[in-house]
Structure formats: C-alpha cells, structure tokens
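Colleague: take a look and give me a structure for this.
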Amino acid sequence: MKIWKQTIIIFAGFFCIALGLALMMRSGLGMGPWGALEIAIAAHTGLSVGQVVQITSLTLTLFAWLSNVTPTLTTFLHMIFVGLFMDKILLFIPEAVDFFPSALFFLLGLFCFTFGSAQYLCINKGAGPRDGIMIGLAQKTHISIRKARMSVEIVVLLIAAALRGPIGIGTIIFAVLVGPLIQFFMRLIKLL
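Modeller: Prediction:
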C-alpha cells in the first residue's frame, strides 16, 4: 500500500477514535475507563479533555516503551491528533438529554472508537499509546489482545472510580467490549 493511502487511513483512524470518544462523552452514560480518568483529571486541572488525552498519551508511550513496544511516528501522531481532534469535535456535538439519543451516541461512539483503533493497528505502522500498553501486556504474558485490553481497561476503571470520573453503565460496557470489538474489526479489515 502506498504511503499516502496509509497516511489517510491512519488519520481517519485517529479521527474515528476522537469522534468515538466525543460521542461517548456527550452520551452522559459514562466514558470508557481512560476517558473517565482523563475527564476527572481535566476537571481538577483546568486543562481541556483533549490536552489531558495528549498528556496521558505521552505518559503511556513511555510506559509502553519500557515494555519493549517501541514508539513509531504513528504513536507520536496519535499523541497529538486524537486529543486535538477530540477538542474540535466536542465543539459541534451537544449533550444528549434523553435515553434514546444517549444510547445512540454511546453505541456509535463505541463502534467509532474500536473501528478507528483497528484501522490504524491493521496498517501496522505502530501502536497508539493505549494500544502500546495492550500489546506490551499481551506479549509479556502471552495472552490475546482481547484479554490484554480488557485487563488494562478494568484496572483503569478502578483508578477512574477512585478519582470520581464520569462512570456509568457505558463505562462498564466499554471495559468489557472494547477488546473483543477491536479484535473483531481487525479481523474484518484484514479480510477486505
């Protein structure tokens, strides 16, 4: 695949991830564990959610690097653009006020997020910060991507709860389904 096509797919993946995060945030049903943690940190620091996403991404990249998952240009682009896209998208998405729009926002957000993650992972130009932690854990423990991601998400969920992040039924659904959905979309994309 030509480099310009790979670049478009990678940035489309980043946009899908940011859109998914923004939709889940506006759903009011709870964020994924990382999102809940990042919103809690943003509330305490005065930084935007996107800025906290960028800082968290930098921290996770360093931890993944220590687990022998070497960051690539894609990793660093992920650090910058997911947070940037998220802050811009949030300007255009209103809060959902009723159950049906909330559920729709959350489900669309979950699918956008997992599809976007699978999209750039399939290009194989490096993992994003959260995916680097997932891959490092899978390699070190010889477990599947699905189990590694679920394990990481559940630990982060507990930390976010301790910091009183926005946790709801959506947070638990995200923690349980994010790994299987990323794995499903990766298999689907490889078939295309």
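Colleague: need the CA coordinates for stretch 169-182. PDB is fine.
Modeller: Extracted C-alpha coordinates of stretch 169-182, given in PDB (Å, rounded to 0.1, in the frame of the first residue of the first chain):
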ATOM      1  CA  ILE A 169     -23.300   1.800  32.600                       C
ATOM      2  CA  GLY A 170     -21.500   2.800  29.400                       C
ATOM      3  CA  THR A 171     -18.100   2.700  31.200                       C
ATOM      4  CA  ILE A 172     -18.700  -0.900  32.200                       C
ATOM      5  CA  ILE A 173     -19.900  -1.900  28.700                       C
ATOM      6  CA  PHE A 174     -16.900  -0.200  27.200                       C
ATOM      7  CA  ALA A 175     -14.500  -2.000  29.500                       C
ATOM      8  CA  VAL A 176     -15.900  -5.400  28.600                       C
ATOM      9  CA  LEU A 177     -16.500  -4.900  24.900                       C
ATOM     10  CA  VAL A 178     -13.500  -2.800  23.700                       C
ATOM     11  CA  GLY A 179     -11.100  -5.700  23.400                       C
ATOM     12  CA  PRO A 180     -13.400  -8.000  21.600                       C
ATOM     13  CA  LEU A 181     -14.600  -5.300  19.200                       C
ATOM     14  CA  ILE A 182     -11.100  -4.200  18.300                       C
END
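Colleague: for this protein, give me the ranges with low pLDDT.
Modeller: Across the chain, the ranges flagged by pLDDT under 70 are 1, 124-127, 192.
Colleague: so where do the helices sit in it?
Modeller: All helices of the chain, identified by DSSP state H, fall at 3-27, 33-45, 49-66, 73-90, 99-123, 129-141, 145-162, 169-191.
Colleague: may I see the buried residues of the fourth one?
Modeller: Right, helix 73-90. 74-79, 81-87, 89-90 (16 or more other C-beta atoms under 10 Å). C-beta coordinates here come from the backbone N, C-alpha and C atoms, glycine included.
Colleague: can you tell me which of those is nearest Ile135?
Modeller: Lowest distance from Ile135 to those (C-beta to C-beta) belongs to Thr75, with 10.9 Å.
Colleague: so how far is Leu60 from the closest one?
Modeller: Distance of Thr75 to Leu60, computed by C-beta to C-beta, to the nearest Å: 10 Å.
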